[in-house]
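Novice: Provided below are the primary sequence and the corresponding predicted coordinates.
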There are 2 protein chains.
Amino acid sequence: MERHIYLEDIPLDEAWAAWRGALVDAGLWRPLGMEKVPLAEANGRTTATAIWARLSSPHYHASAMDGFAVRAQDTHSATETNPVRLTLADDFDATATDLHPAKAVNTGHPLPAWANSVVMIEHTQLVTDEHGRTAIEIRASLPPWQHVRAMGEDMVATELVLPANHTLRPVDLGALAGSGHTAVPVYRRPRVAIIPTGSELISPEDAARDGVRPGQIIEYNSLVLAAQVENWGGQATRWPIVPDELEAIQTAVRAAAATHDLILLNAGSSAGSEDYTAHVVQSLGQLLVHGVAVRPGHPVILGMIQSDMVTRWQGDTVTAGSSVTSSPLHPVTPSPSHPLIPIIGVPGYPVSAALTGEIFVEPLLARWRGQPPYQPQTLTAVLTRKVVSHTGDDDFVRVAVGNVGGRTLATPISRGAGVISSLVRADGIVRIPRFSEGADAGTAVTVHLYRPTHEIENSILVIGSHDLTLDLLAQFLAERSQRRLVSANVGSLGGLVALRRGEAHLAGSHLLDPETGEYNISAIHQYLPGQTMALVTLVGREQGWIVPKGNPKGLSGWGDAANPDVQIVNRQRGAGTRVLLDYELGKLGITPEQVKGYGREEYTHLAVAAAVASGTADAGPGIRAAARALELDFVPLAHEQYDLVIPQAYFESDLLRPLLDLLHDGDFRTAVAAMPGYDVTPMGQVRNS
Amino acid sequence: MERHIYLEDIPLDEAWAAWRGALVDAGLWRPLGMEKVPLAEANGRTTATAIWARLSSPHYHASAMDGFAVRAQDTHSATETNPVRLTLADDFDATATDLHPAKAVNTGHPLPAWANSVVMIEHTQLVTDEHGRTAIEIRASLPPWQHVRAMGEDMVATELVLPANHTLRPVDLGALAGSGHTAVPVYRRPRVAIIPTGSELISPEDAARDGVRPGQIIEYNSLVLAAQVENWGGQATRWPIVPDELEAIQTAVRAAAATHDLILLNAGSSAGSEDYTAHVVQSLGQLLVHGVAVRPGHPVILGMIQSDMVTRWQGDTVTAGSSVTSSPLHPVTPSPSHPLIPIIGVPGYPVSAALTGEIFVEPLLARWRGQPPYQPQTLTAVLTRKVVSHTGDDDFVRVAVGNVGGRTLATPISRGAGVISSLVRADGIVRIPRFSEGADAGTAVTVHLYRPTHEIENSILVIGSHDLTLDLLAQFLAERSQRRLVSANVGSLGGLVALRRGEAHLAGSHLLDPETGEYNISAIHQYLPGQTMALVTLVGREQGWIVPKGNPKGLSGWGDAANPDVQIVNRQRGAGTRVLLDYELGKLGITPEQVKGYGREEYTHLAVAAAVASGTADAGPGIRAAARALELDFVPLAHEQYDLVIPQAYFESDLLRPLLDLLHDGDFRTAVAAMPGYDVTPMGQVRNS
């Protein structure tokens, strides 16, 4: 059956259907094969067949106690006052003697053939009988099979021990060994080749040794994909970086196809002048899908490679940059001597690459070990912000999740496909289906979780102004407690708004009231009227201009913002630093129009510092620590107070206790004081709004 | 601080407190140390320190699209009708030329220093300007930083990338590489020695090669413990089996202490004549706890070994079998040159051993990698049967869990500590706290789950008579669907009672009505009055006597049960086979008193066959397949019908659909027909009660 889909951006379910169909046709939509592995190496592997017991367990009638094996019928008349006497006998032949026998046994010892019960040693007395032989006395009758582990009590030979498709746990290995097995048939691990392509790529090792130039990109998608493959039961081979040359990529793919079950060709899957993946797949096999309507992830390629293509591909000429032709060179039909190897063109942006792994690689690897696709734990949460989605796409939105005031909240995280830290910080994924155009704030959504729920229950959500001290606080909390600090940077005012909307446990804020010179109180009265807030000072810090090394433009005061020769970078509206700058400029009578770069907004101190470091701005308002972090200079102009604004109920909660305790912890204070421009004297002081 | 607790069976929390205290004193209640591993080997490891970004990512302003880098301010006047023309220029010096420049860039390329925005290639037109130079035309103005991934957009150098105590996932490796790291400090894996002791033990490999004699026990606890240790982040060393000799065990423990962080000494932890563990611990260090009040698990030993005891232990003489003395030979104090190595005496019964791993080993290994103890997912379920617990013990009850009729049910599984298959089959554990004396049927209990909840939602609970066909059904279901068949064997009548109590989705039953010769209908009317049941025939099968090879006692009819020379084994009350036997004996006028062994009850056909195979019975009633499975002979006496009794609502449910479909599946019918004594002709026929 022919399946050629060259539409750009076909829907996810259609893409999967086409690919699954091709896999079925190629005989690849089933486990790839099995191997027998010793039990000691089988933990976590998946049984490829049912396993039936070879031996019974126990394989003999075993004493379950330390004591004496006896015949129950010999004890019938025993009572407290009228003990029965049983003579110790190692061998006993009922046809040769009329002895009432007993034999000492320890736990696990076999019962003699004549015995059918065990009396515990503590229920016997050693005596000498009338013939001078050693005997025991018993003062209660025994039922048959008392304290006996009967043959087959655990497992009977031929019984089912484990079904196929069962992922082996430690106790399963015990059951297999106990039922007579030394090895177990499991699905073999699929071999997955991961080929990074791109002349701009540099390995992390080369980058660390030689440094990294603008335009060079540190290649780490292969690390992420390889770890995903290992987690999903495959064996990953990471190829060295292949430059953007058609022949070099073809050579790598051919070599991989000869020895692997699946190929992940990373990047070059779009339609740019150096995007060869589609050409490579077409020249070596069959291109099934080019472009899937998912975000992030769009330029996914799905195809099949013939593993013995040596003679064929060399005869073809494909020009880099030419558009993909609308039919493959030859129709591809699977044959045993030319097996088909599935290939996925994985997009280059790291978030797209990781999600492509979850969406396309995981279900196939699961199928190859007889499992359904991974089902993450889910929970229902309320979306805190509106999500706007491209109408034709399934949109995979990363979210932070936390419980605030009895509600479970999902806050969308940065949506850039290049921001790997957004996946690192994500607690889960919300899938916005195509044609829904997004979801409004307040919508109940299903979150596919990346973390166990108890971690989410232990999450403290802080939204507001960013400060490096919050990173240190997160670090100390992780080391000292089971709490997890989840922070979102939206500026001081944004934090107070988040508190008002019940979306955070606390907010970091440094909003100066120009009237009173007090920090935060008047803003709280304005934005959180009638609510009791605890204001806990986190730190005092220096504000001023972040400038390049040597302060080349010679800034010395806020007024330099109006210098036409100075290009600044600003903070976003609602940031405490922006409020401070506006206040100081207002005092000097400077209007925004007079300030070059006033409209360029960054969301953190470090982002402002990064703008200055990159040379695209001459100065930006911020704190000394940010300047120091990027080895910039700093022009100090103000001292300010950075508070944690905490609703009274959370201030008194167990959840926040470890965080508040840290503000009085010597190690933490020392660590903060070591950062330049910070004053820990006021740390931990509490006011009420 | 001295801690010597030699009480038998101290409560679990006291045992843990004593042991934790000793670990704290020895400086061992914290991560053991760290090592730096390459990122490619760091998946699943736990960060030992916080990791801060070394590089920003991107480390330069990068184009986020294929297109042209421009200056946003040059595009201000562009409109649909009034395009702006920008000249292509690779190098541009604003002081030297008044060009409005543009430069072709691909995704990921660095922006030229003069540029601050990118226009997508599809929004441009190539033209030739008035000087004959190549230019682009743009018909809409651009804001600054459009389609630019600004330096530090993902991570800014010096920012926190990951906190300490974070278990690394694939995406984390990407974030580490992207922020300039090639390796990561992680906690080192604890080395755990697992020493099996016992002269009765035989390795699975030796058992498979040489066969296994009565009294020999296949040693597999070390397999289970090693796999547990690996799952919990440790490196396990499995010692060869050590015989029950004090010196041999001491030698093994000393060797292990010299090179490991934790020793698990398996068995010999009780107080029998060959139980050396307490002596060994005492002679080489300090015995902290001997006996913990948990079931299963009682004879747990907790102690500390001095890792350099060569000269000391050789001078001591401890007699095997002597009682444990009440104080250690020397008080043990930790010193850097004689570090203390924790040792756990693990009980020998496999369920006790595995639970000792969960209770005592896992929390320590978690602590050693900076983690809290594992928190299993829990759910609340209704206990289906009364559990009676020893009053002084914390009782860990294995349960099967399933959803039946909207209720989540927990059914206790066999409680024998020797029955490893009970842990294999368990869906979770219910902890009955000490002093509660158990829990009544109907009590809501918390189950600590061994399986994800979706597997439990896909569980089909069948309770009733056992048949080998159910094992095959379980096997086919596991291979063909996401359903899991969970079966409990309580006999035909027990199954109908379970249906009445809403504790199963279906029951396997073969209850003959002597009046009508019909199977099951009248029993259903009696036990499930007024309820509509679908009766689906699973299989027809032969019933008769299971006898030893060659039928030495020459049985030929049911009447042979009354032969005083014949010792039988029976099925339990309520089993269809028992009903059949009673019916046939009644017809012959034989009373139970005339039948030797009538009162010895087994719960499955295979258990009856095992009794015959072991020589403790001359015959037992059952099916041909059970006789064949254990290579016994069979005297056929009756044909009977084995039905699945299914409440109408479940008969029509999606849950049972895959199971019912299998009854019409050719492969399944062939597999059943291949078993001796089975007739698949009636399979799948449906009647209503």
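Specialist: That came through, no problem.
Novice: for stretch A:618-631, buried residues please.
Specialist: Neighbour-count burial for stretch A:618-631 flags A:618-630 (criterion: 16 or more other CB atoms under 10 Å in any protein chain shown). Where C-beta positions appear, they are placed from N, C-alpha and C, glycine not excepted.
Novice: among the residues you listed, which pair sits farthest apart?
Specialist: A:618 and A:625 (20.1 Å; CB to CB).
Novice: can you pull up the most central residue in chain A?
Specialist: Taking CA atoms, centre = their mean, the centroid of chain A lies closest to residue A:450, which sits 5.1 Å from it.
Novice: report the contact partners of that residue.
Specialist: A:376, A:426-429, B:169 (CB atoms under 8 Å, 6 or more residues apart in numbering or on different chains).
Novice: what about the residues you listed, which are in strands?
Specialist: A:428-429 (DSSP state E).
Novice: min pLDDT across the contacts of residue A:450, which one?
Specialist: Between the contacts of residue A:450, the one the model trusts least by pLDDT is residue A:376, at 89.
Novice: which residue packs closest to it, ignoring adjacent ones?
Specialist: In this structure, residue A:376 finds its nearest non-sequential neighbour in residue A:448, 4.3 Å apart by CB to CB, 6 or more residues apart in numbering or on different chains.
Novice: tell me the SS of that neighbour?
Specialist: Per DSSP: H, G, I helix; E, B strand; the rest coil, the secondary structure class of residue A:448 is strand.
Novice: any idea how many residues pack against it?
Specialist: 17 (other CB atoms under 10 Å in any protein chain shown).
Novice: correct me, but it touches residue A:431?
Specialist: Yes. Residue A:448 is within contact range of residue A:431, at 7.2 Å (criterion: CB atoms under 8 Å).
Novice: residue A:167 and residue A:473, how far apart?
Specialist: 39 Å (CB to CB, to the nearest Å).
Novice: so between the two, which is more surrounded?
Specialist: When neighbours are counted by other CB under 10 Å, residue A:167 and residue A:473 differ, and residue A:473 comes out ahead with 26 against 15.
Novice: and that one, what helix or strand is that in?
Specialist: Using DSSP states H and E, residue A:473 maps to helix A:468-480.
Novice: what comes up buried for that helix?
Specialist: Buried, per 16+ other CB under 10 Å, within helix A:468-480: A:468-478, A:480.
Novice: then stretch A:238-250?
Specialist: In stretch A:238-250, the ones that count as buried by 16+ other CB under 10 Å are A:238-239, A:241-242, A:244, A:246, A:249-250.
Novice: also near chain B: which of the residues you listed, exactly?
Specialist: Among the buried residues of stretch A:238-250, proximity to chain B is found for residue A:238 (CB under 8 Å from any CB of the partner chain).
Novice: before we move on, the earlier item: how about the contacts of residue A:450 in TSV, adding distance to residue A:551?
Specialist: As requested, these are arranged in TSV below (distance: CB to CB, whole Å):
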residue	distance to residue A:551
A:376	51
A:426	40
A:427	42
A:428	45
A:429	45
B:169	43
